[in-house]
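[1] Quick one, structure for this:
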Amino acid sequence: MPLIVVIDDDAGTRMLVSQVLKKEGYAVMAAEDGAKGLALIREFKPNLVVSDVQMPLLDGFEVLDRLRNDEALATTPVILLTSLQDRSHMRQGMTTGADDYLTKPFAPQELREAVSAQLNKRIRADAMHAQVADKVLQVALEDQREKISELYERRMVKSLSEQWPDSGVVQDTEKFSSATVLFADMRDYGLWTQHLSNAELSDIVHQLYSSVGDTVYLFGAHYMQFVGDGMLCVFVDASDTLSVNHGLRAVRAALGLADATNRIDGYVRQHFGDRGLPKFSLGVALHSGPVAFANLDGLIGRTNQTTPVGETVAAALKLFQCQPPLDWTIAASVQAARLVTGAVRTGRRALVQVPGRSKPLDTVEIVGLA
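    Predicted coordinates for the structure are as follows:
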């Protein structure tokens, strides 16, 4: 509720103005002279001041002058009231910084319109200021994004340069006794292909993985590859990631992917809301164990490429093809869960049969960080 301070040494005028404004739903405080009115303004910082010109102690011009020279109150709108007909007094008031001028006697409707105009002007000014502030913030965030992107690119270039030197000689096959494999893909992919064109589906997949690819990389993914509608990542311990083990970094990346699904689902509802599509969701599988990287040189024209192989990779790729099926967002094998014991919150647990494995896989649901 806007607060208005009314200053007038005439009790009748003061009461009239106050009653009119209160009936309009404004909060009103009144003073019988300029000194008391100025004290109210400084204490309560009203949205508007309605002041008589001719008053004892401080007249309306003096009150106005002191407001305009007070940094905290300088923008407070002021409407001056006067019974003077002399144009010189009107010019003096406007020159001093009055926002509007009413000559006594005035009709209640004139007062209501003048007050409404000043308050609306303030609202518009505040809105414009907010827009400018938002724009400044957007520019700052965009600048920050560009700087962060540059850091991502530098880190990626450094990593690739170290892995594939300028000499063109590919490193020998890598083997890790312990690594965590993350595989994420869309749920109900067949249903999506029935309701969307290839271009539309490609757009959704691009929206998802373009927004999380850098995030996954910054969690220290040693390897990342897109496989159809899915993404395969391998996390290992390295000299620059020893502070956080590969299992926990993989879990954080998985949670980042899960969070991204809400944003993508909003995008789907906005652009394809009439297609009867299910809620956009991912299945994110985590499994830990030994991983080797096979050199693909000479295979179907491939050069300088490697791919992760082994039982750990195969189990992660097929975890959500298990029986009984899992409706969880993030499913981690017990081997992966043991690496993050105490650091994550878990949900359900199930013993599932994964295609290609002779023994069931003990699996737990990851629901968040502890």
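[2] Please identify the buried residues of stretch 186-203?
    Met186, Arg187, Trp192, Leu196, Leu201 (16 or more other Cβ atoms under 10 Å). C-beta here means a position set from N, CA and C on the backbone, and glycine is covered the same way.
[3] So what would you say the end-to-end distance of it is?
    Using Cα to Cα, to the nearest Å, the end-to-end distance of stretch 186-203 comes out at 13 Å.
[4] pLDDT on that stretch, on average?
    Stretch 186-203 carries an average pLDDT of 81.
[5] that older thread, now the two most distant members of the buried residues of stretch 186-203.
    Arg187 and Leu196 (14.4 Å; Cβ to Cβ).
[6] follow-up on the earlier one: tabulate the buried residues of stretch 186-203 (CSV), appending secondary structure and distance to Pro355.
    As requested, the buried residues of stretch 186-203 are exported to CSV (DSSP: H, G, I helix; E, B strand; the rest coil; distance: Cβ to Cβ, whole Å):
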residue, secondary structure, distance to Pro355
Met186, strand, 19
Arg187, coil, 17
Trp192, helix, 22
Leu196, coil, 27
Leu201, helix, 25
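[7] quick one: the helices in the chain?
    Counting by DSSP state H, the chain has helices at residues 11-23, 34-44, 60-68, 87-96, 108-163, 189-195, 198-218, 246-272, 311-318, 334-338.
[8] quick one: which of the ones you listed has the weakest pLDDT on average?
    Taking the mean pLDDT of the helices of the chain, helix 87-96 comes last: a mean of 54.
[9] how much space between the residue nearest to Cys322 when sequence neighbours are not counted and Gly289?
    Nearest non-adjacent residue to Cys322, counting by Cβ to Cβ, 6 or more residues apart in numbering: Val352, 3.8 Å away. Remark: distance between Val352 and Gly289 (Cβ to Cβ, to the nearest Å) = 16 Å.
[10] Also Val17?
    According to Cβ to Cβ, Val17 and Gly289 sit 82 Å apart.
[11] These two - which one has more neighbours?
    Val17 (26 against 19; other Cβ atoms under 10 Å).
[12] For the more buried one, which non-adjacent residue is spatially closest?
    Val6 (5.0 Å).
[13] ok, now Leu191?
    Of all residues not flanking Leu191 in the chain, Pro278 sits nearest, at 6.6 Å (Cβ to Cβ, 6+ apart).
[14] wait, that neighbour sits on Gly190?
    No: contact criterion Cβ atoms under 8 Å: Pro278 and Gly190 do not qualify, at 11.4 Å.
[15] export the buried residues of stretch 186-203 to JSON lines and tack on distance to Met224?
    JSON lines is the format used below for the buried residues of stretch 186-203 (distance: Cβ to Cβ, whole Å):
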{"residue": "Met186", "distance to Met224": "17"}
{"residue": "Arg187", "distance to Met224": "21"}
{"residue": "Trp192", "distance to Met224": "23"}
{"residue": "Leu196", "distance to Met224": "25"}
{"residue": "Leu201", "distance to Met224": "21"}
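[16] Just the closest of those residues to Phe235, please.
    Using Cβ to Cβ, Met186 comes nearest to Phe235 of these, at 21.5 Å.
[17] Quick check: bridge partners of the closest one?
    Beta-bridge partners of Met186, counted by DSSP bridges, are Leu282.
[18] ok now do it, which residues does it touch?
    Applying Cβ atoms under 8 Å, 6 or more residues apart in numbering to Met186 gives the contacts Trp192, Val205, Asp229, Gly230, Phe280, Ser281, Leu282, Gly283.
[19] For Phe219, see how far away the second one is.
    From Val205 across to Phe219, the span is 20 Å (Cβ to Cβ).
[20] burial of the closest residue to Pro324 other than its chain neighbours, as a residue count?
    Residue nearest to Pro324 in three dimensions, not counting chain neighbours: Val352, with 6.6 Å by Cβ to Cβ, 6+ apart. Number of residues near Val352 (other Cβ under 10 Å) recorded here: 19.
[21] For Val352, list each beta-bridge partner.
    Beta-bridge partners, per DSSP bridges, of Val352: Leu361.
[22] got a list of what it touches?
    Leu319, Cys322, Gln323, Pro324, Leu326, Pro360, Leu361, Thr363.
[23] and which of those residues is nearest to Asn262?
    Sorting those by how near they are to Asn262, with Cβ to Cβ, puts Leu326 at the top with 20.0 Å.
[24] pretty sure that closest one is touching Ala285, no?
    No: contact between Leu326 and Ala285 fails when scored by Cβ under 8 Å: they sit 9.1 Å apart.
[25] shared neighbours of the two, anything?
    Counting by Cβ under 8 Å, 6+ apart, the residues touching both Leu326 and Ala285 are Leu319, Phe320.
[26] out of the two, which sits in the busier spot?
    Between Leu326 and Ala285, counted using other Cβ under 10 Å, the more crowded position is Ala285 (30 against 19).
[27] and the gap between the closest residue in space to that one that isn't next to it in sequence and Pro325?
    Nearest residue to Ala285, sequence neighbours excluded (Cβ to Cβ, 6+ apart): Leu319, at 3.7 Å. Between Leu319 and Pro325 the computed distance is 11 Å (Cβ to Cβ).
[28] more neighbours, the two?
    Between Leu319 and Pro325, counting by other Cβ under 10 Å, Leu319 is the more crowded of the two (25 against 11).
[29] Spit out the contact partners of the more buried one.
    Listed by Cβ under 8 Å, 6+ apart, the contact set of Leu319 reads Phe183, Ala285, His287, Leu326, Ala331, Ser333, Val352, Val354, Leu361, Thr363.
[30] does Ile330 have beta-bridge partners, and which?
    Val284.
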